[in-house]
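Undergrad: Predicted structure and sequence below. I'll ask about it afterward.
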Amino acid sequence: MNNFMLLGLGLIAQGLFAARFIIQLLKSEKAQNVQSPALFWQLSLLASFLLILYGFIRSDIVIVGGQIVGYMIYIRNLQIKGDWKGLPLLIRILAVLLPSVLFLFLIFGINYNWEKFLANPEIEGLLLTWGTLGQVVFTSRFVVQWLYSEKRKESVFPVSFWHISMAGALMIAVYAVIRQDAVLFIGQAFGMIVYSRNLYLHYQQSFEKAKSLVFKFKRYRFPALMVFTAMVLMFNLGNWEVTESSEARYAQIPKEMIESGDYMHPTLMGIYHYHKPPMTYWITAVAYKLFGVSSWSARIFLQIAVLMQIWLVFQIGKLLFGDNKTAFYSALIFASFPTLIISGRALTTDGFLAVFVLAAIYTWFLYLRDYKKRYLLLFYLMLGFGFLTKGPVALIVPVVLLVFQKISQKTKFGNGRIHLLGLLVFLLVGFSWFVMLYIEDRQFLDYFVFKHTIERFSSDTFKRSQPFWFYIAIVILTAFPWFLVITSRVKSLWVGKNKDMLVLLAWVFIPLLFFSMSQSKLVLYILPVYPGIALAASAIWVGLKNKSQVTWDRIQFGFQLLILIGLAVSPLVDSKIVLNYKFYFILVVTASILVSFRAINMKTVDKTILMGYLFLMGITASSTYFFGNNSGMVNDPKNVASFIQNELPEVDHIIIYDRRMPSMSFLTDKNIISLYDGSEDLNRETQFEKDEKWKANLINLKEEPDWLTKKRPSDAVLMAKKNKIEADPIKDAAKGFGNMKEIDGWVLFY
């Protein structure tokens, strides 16, 4: 049987399974309690037989083993209901005999590979165990239903049937995604919606009074939040390689540190690179030492940084509000911000910087609580670490808060001598690396202070200019609807003169204004503003009237549906986008959860925040498949690097036209030669070089226009973006290569 016919057989079976539950659900909705119609069991019987046939053809014991048990239970339910004898005699005989005939045919009629059936080499042992366990759980629901029905002398569904169904469906869905089985995936994704609704029908009387889930599980809520978030963050973290250009730079530099043993002088592709202080490189180098050099290990500590930020927001919330519930809301809201997750998807300095900034703010609030010296010294130490991560930008939010508290609220800062000691700690830690480099080379002061601080803020030196309103638009979209909730209450908060709330407003709006005036803008620059948004939003949210909460809840739900629909149909908008069924599986599960929770009479104050968090977790998990399947769109050169490594082992040099591409250094063991032909990307900072060795790997085609045709190494592959292959140097050089291949927007000549 060909793959198309096999898939059709499986889809027909799953269609019948889906139809039985649609019928069951419609009957139940009409009666407003869970029903067990005869047609449900008749369709189950037919679908089970087709799926048994499907499983045998696929040599999948997980499918077959579960269905045979269910098959006999379906017959028994029809007997209990008195509908079995109503079927024609021939149908009853065939229903009982056909599975037996199928087994006999497999044993004696053909040379069936039973060894493969029992231990399919296409399925890993751990995966087979997981899938089998899931099928056992899933099948046991009908055993429970059968035993319960025998006891009651009628065919009914106990509530445990739906609980077991949900647990088993989740397990099998995971198995189906890894096994790449679209038939199983479609069936389980639909089933979870039905199981959720039947559970609601079972419990509808107890749902008459809305309950606060956050209050009910207060002992476990924050640990559960951290564990679940960690699982999502770690999920498929290595499914894509380092991306150009920022992540590739920050991943390659610590790799070169380990190779050279020099941790004080960062180099990128052999040239000194002093754009940023070294803290991010040091942290990443530790990850490489522990886990080896890989894209996964480059990102692993970033995930820990995200978790630490959530923990710090929770702790700050407890200090400010004196209320664990509002603090938990703050952590949930913060964890639902896409900007936070983005900071952990690709290696940059911003995630680590945000940890040190938040830690500094937390220790400052601790200090103001009882003026203990150790908290003040920790505050300055965290500022020092932040400065050693990204320079003066680490001071913006903490200084804004201190100045606002001192001038507007007349806050007492305590003993001045302790502050002087703290400043000394800050200077010793934060300025240590800068002073060392300045002693070695006096021009470093001008390079970092003026070029990378003043010019970055006041001019478009790094080609990152955006309009003034850029960050306002970004915050509205990425903190939706929470930033709008805050702005809708700014006037009343200002009139109310609540000190803590005014501090939070200063935390949000003053830095946002400052960054908006900067000429250099990237999304993650304003990451330290988002904790203030989460804290202010949670405090406002708990004080809103239920009518306002319901309005915002509906707006958020509509916004989420638009995003889910947009993601689902994105390949229709851009044919280059590739989305596999694993992506759609997580999307369907996310949508199912959102819809299911709306069917439960949960308090809006909990539901809106929880749904925002679960929505983003679903998007985060599904995005890993987007990154993995759309390498060209996300600037992941893994396919190019893999082709060169595996298909061109004799090549020693990779020549890259008018691009820097540190990712190729990271992903291959080849020597990288960059060809400069006017691109700003290759304007390297060479003034700190002690010799001219770097020129061998950075060729200026403006000065040597014939280098490609006359001086290039013979054992080399030439890389150029597809839109650049008509450039004269490429057209001239292409004649000297025998082959050409296009991969993810790159053209290789070899």
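TA: Good, I have the coordinates.
Undergrad: Which helix or strand contains the residue nearest the centre of the chain?
TA: Within the chain, one residue has its C-alpha closest to the average C-alpha position: by C-alpha atoms, centre = their mean, that is residue 620, at 2.9 Å. Element membership for residue 620 (DSSP states H and E) is helix 604-629.
Undergrad: Report all helices and strands that that helix contacts.
TA: In terms of contacts (3 or more C-beta pairs under 8 Å, 6 or more residues apart in numbering; DSSP states H and E), helix 604-629 is packed against helix 213-216, helix 221-234, helix 324-335, helix 338-345, helix 530-543, helix 546-573, helix 581-598. Placement of C-beta: from N, CA and C, glycine included.
Undergrad: Report the angle between that helix and helix 221-234.
TA: Going by axes from the mean of the first three to the mean of the last three C-alpha atoms, to 10 degrees, helix 604-629 is angled at 20 degrees with respect to helix 221-234.
Undergrad: where exactly do the helices run in the stretch 651-750 of the chain?
TA: Assigned by DSSP state H, counting those that start in this stretch, the stretch 651-750 of the chain shows helices spanning 662-667, 707-710, 728-734.
Undergrad: Looking at these, which is nearest to residue 288?
TA: Closest approach to residue 288 among those (C-beta to C-beta): helix 662-667, 11.0 Å.
Undergrad: Pull the CA coordinates from that closest one and hand them back as CSV.
TA: Only the C-alpha atoms of helix 662-667 are listed here, as CSV (Å, rounded to 0.1, in the frame of the first residue of the first chain):
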residue,chain,number,x,y,z
PRO,A,662,31.0,34.7,12.2
SER,A,663,28.5,31.9,12.2
MET,A,664,30.5,30.1,9.6
SER,A,665,33.5,30.2,11.9
PHE,A,666,31.4,28.9,14.7
LEU,A,667,29.8,26.0,12.7
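Undergrad: got a list of contacts for it?
TA: With C-beta atoms under 8 Å, 6 or more residues apart in numbering as the test, helix 662-667 has contacts from 241-245, 248-249, 251-252, 255, 268-269, 293, 295, 636-638, 640-641, 645, 654, 656, 670, 672, 719.
Undergrad: got it, and stretch 491-505?
TA: Contact partners of stretch 491-505, identified using C-beta under 8 Å, 6+ apart, comprise 320-321, 401, 404-405, 408-409, 486, 490, 532, 535-536, 539-540.
Undergrad: I'd like the mean pLDDT over that stretch, please.
TA: Here the mean pLDDT over stretch 491-505 is 84, rounded to a whole number.
Undergrad: Likewise for stretch 240-260?
TA: Confidence for stretch 240-260, expressed as mean pLDDT, is 94.
Undergrad: same thing with stretch 623-631?
TA: 93.
Undergrad: contacts for it?
TA: Residues from elsewhere that reach stretch 623-631 (C-beta under 8 Å, 6+ apart): 235-237, 239-240, 345, 576-580, 582-583, 586, 634, 636-639, 744.
Undergrad: and those, which are buried?
TA: If you count burial by 16 or more other C-beta atoms under 10 Å, the buried members of the contacts of stretch 623-631 come out as 236-237, 239-240, 345, 579, 582-583, 586, 634, 636-638, 744.
Undergrad: Redo these as TSV? Include distance to residue 370.
TA: Conversion of these to TSV gives the following (distance: C-beta to C-beta, whole Å):
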residue	distance to residue 370
236	45
237	40
239	47
240	47
345	39
579	54
582	52
583	51
586	46
634	48
636	50
637	53
638	53
744	57
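Undergrad: can you count the residues close to the closest residue to residue 443 other than its chain neighbours?
TA: Once its chain neighbours are removed from consideration, residue 443 has its nearest residue in residue 687; the separation is 6.6 Å (C-beta to C-beta, 6 or more residues apart in numbering). Residues within reach of residue 687, counting by other C-beta atoms under 10 Å, total 10.
Undergrad: any idea which helix or strand comes after the helix holding residue 620?
TA: Under the assignment DSSP H and E, the closest C-terminal helix or strand after helix 604-629 is helix 638-647.
Undergrad: so what secondary structure elements neighbour that following helix?
TA: Applying 3+ C-beta pairs under 8 Å, 6+ apart, one finds that helix 638-647 contacts helix 662-667, strand 740-743, strand 746-749.
Undergrad: Pick the most deeply packed of those.
TA: helix 662-667 (a mean of 24; mean count of other C-beta atoms under 10 Å).
Undergrad: Going along the chain, name the strands of the chain.
TA: The residue ranges that make up the strands of the chain, judged by DSSP state E, are 267-268, 271-272, 653-657, 671-676, 698-700, 716-721, 740-743, 746-749.
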